[in-house]
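S.K.: Generate a structure from the sequence data that follows.
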Amino acid sequence: MKKTTGLWPVLFLLAGLAGGATALASQPRGVIGIIIDDMGKRLETGQRVLDLPPAVACAFLPRAAHTRELAERANRLDHEVLLHLPMDSVDGRPLDAGAVTLPMTKREFMSTVLDGLARVPHVQGVNNHMGSLLTRHPGHMRWLMEVMRQYGALYFVDSRTTTATVAQQVADENGVPAIRRNVFLDNSPDEKDIAFQFDRLVALARKQGTALAIGHPYPRTLAVLEQRLPRLAELGIRLAPVRELIELQQEGENTWQAYWSPSHRDAKNSKPSL
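M.R.: Numbers count the residues shown, from 1 in each chain. Predicted structure coming up:
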């Protein structure tokens, strides 16, 4: 009878390699974040957004009819809550209530931002609604970051409604944690186009490690998300809150840990003087 003892180390090695490959395959190959803008206008579609996984962030218009109620619900369900701050655009489209505009004085601007923050309970961040005009003006963006730093530990999301934006750059220069939007999910209302943009989001996350998308509470957008989000693990992708995406992008930077420390939050929790 032939001895097989010498085969066992090889078999164990092969089994270990196979197990290691399985473990590697199960590791996420990218992390995505998703923000749903224009929240607060409608209860029914707003609740449908809140039924999505908690890592989906919700950006609320400051004076929409259902902002306070839905923001309270969002917080209870562990969704991040953002102020979706209306800003001047280059095409002169009508602005939602609570907008900041180019002709405003610094006092008017800061007062409007503070009012918007106060109207959105549990606010953790700010992103711009429209703003293709205002986000290209460094002075106004400095005013915004000044308010955010003094209000509390808020982060900023540059929706990038124009390639000329300086908003994220100014945030970085003023010590406000910030991130930029990579993909708009629903510039086209066609469901196939929305699915294509979702696939772009996944591809970007695989390529660069993280990627952030913005969408809206449109029925077709929500249909795509309801279908695709439960399948992310199969794609090697993980959905994460926006704050975690910022942490991942700024990993290793001591300034981030200092900014989010309890002592910093306590020191910055007083309202700015106007």
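S.K.: list the helices and strands the helix or strand harbouring Glu108 packs on?
M.R.: Using DSSP states H and E, Glu108 falls within helix 106-119. Applying 3 or more C-beta pairs under 8 Å, 6 or more residues apart in numbering; DSSP states H and E, one finds that helix 106-119 contacts strand 81-87, helix 138-151. Where C-beta positions appear, they are placed from N, C-alpha and C, glycine not excepted.
S.K.: would you list these in CSV and tack on mean neighbour count, mean pLDDT and distance to Asn187?
M.R.: Formatted as CSV, these follow (neighbours: other C-beta atoms under 10 Å; pLDDT from 0 to 100; distance: least, C-beta to C-beta, whole Å):
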stretch, mean neighbour count, mean pLDDT, distance to Asn187
strand 81-87, 26, 98, 17
helix 138-151, 20, 97, 24
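S.K.: Need the ones you listed in TSV (columns: distance to Arg180).
M.R.: Shown next, in TSV, are the helices and strands packed on helix 106-119 (distance: least, C-beta to C-beta, whole Å):
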stretch	distance to Arg180
strand 81-87	14
helix 138-151	13
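S.K.: for those, which one sits closest to Ala71?
M.R.: strand 81-87 (5.1 Å; C-beta to C-beta).
S.K.: what angle separates that closest one from helix 138-151?
M.R.: Counting by axes from the mean of the first three to the mean of the last three C-alpha atoms, to 10 degrees, strand 81-87 lies at 150 degrees to helix 138-151.
S.K.: can you give me phi and psi for the spatially most central residue of the chain?
M.R.: The chain has Val242 as the residue nearest its centroid, 4.0 Å off, counting by C-alpha atoms, centre = their mean. Per-residue torsions, Val242: phi -60, psi -40 (degrees, to the nearest 10).
S.K.: Quick check: it touching Leu212?
M.R.: Yes - with contact defined as C-beta atoms under 8 Å, Val242 and Leu212 form a contacting pair (7.0 Å).
S.K.: and for these two, which residues touch both?
M.R.: 33, 35, 157, 179 (C-beta atoms under 8 Å, 6 or more residues apart in numbering).
S.K.: quick one: which two of these are the most distant?
M.R.: Across the shared contacts of Val242 and Leu212 (C-beta to C-beta), the longest gap, 10.0 Å, separates Ile35 and Ile179.
S.K.: which residues do those two both contact?
M.R.: 157, 212, 242.
S.K.: Between those residues, which sits nearest Val183?
M.R.: Among these, and counting by C-beta to C-beta, the member closest to Val183 is Leu212, at 7.5 Å.
S.K.: May I have the beta-bridge partners of that closest one?
M.R.: Gly33 (DSSP bridges).
S.K.: So it is in contact with Ile32, correct?
M.R.: Yes - if you go by C-beta under 8 Å, Leu212 and Ile32 touch, sitting 7.2 Å apart.
S.K.: OK, contacts around Tyr218?
M.R.: 45, 186, 189.
S.K.: Going by neighbour count, which of those are buried?
M.R.: 45, 186 (16 or more other C-beta atoms under 10 Å).
S.K.: circling back to that earlier point, got the CA positions of the helix or strand following the helix holding Glu108 in CSV?
M.R.: Going down the chain from helix 106-119, the next helix or strand is strand 125-130, by DSSP H and E. Presented in CSV, the C-alpha positions along strand 125-130 are these (Å, rounded to 0.1, in the frame of the first residue of the first chain):
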residue,chain,number,x,y,z
GLY,A,125,-23.8,68.2,6.4
VAL,A,126,-24.6,70.7,3.6
ASN,A,127,-24.8,70.3,-0.2
ASN,A,128,-25.8,72.8,-2.8
HIS,A,129,-29.1,72.8,-4.7
MET,A,130,-28.3,74.2,-8.2
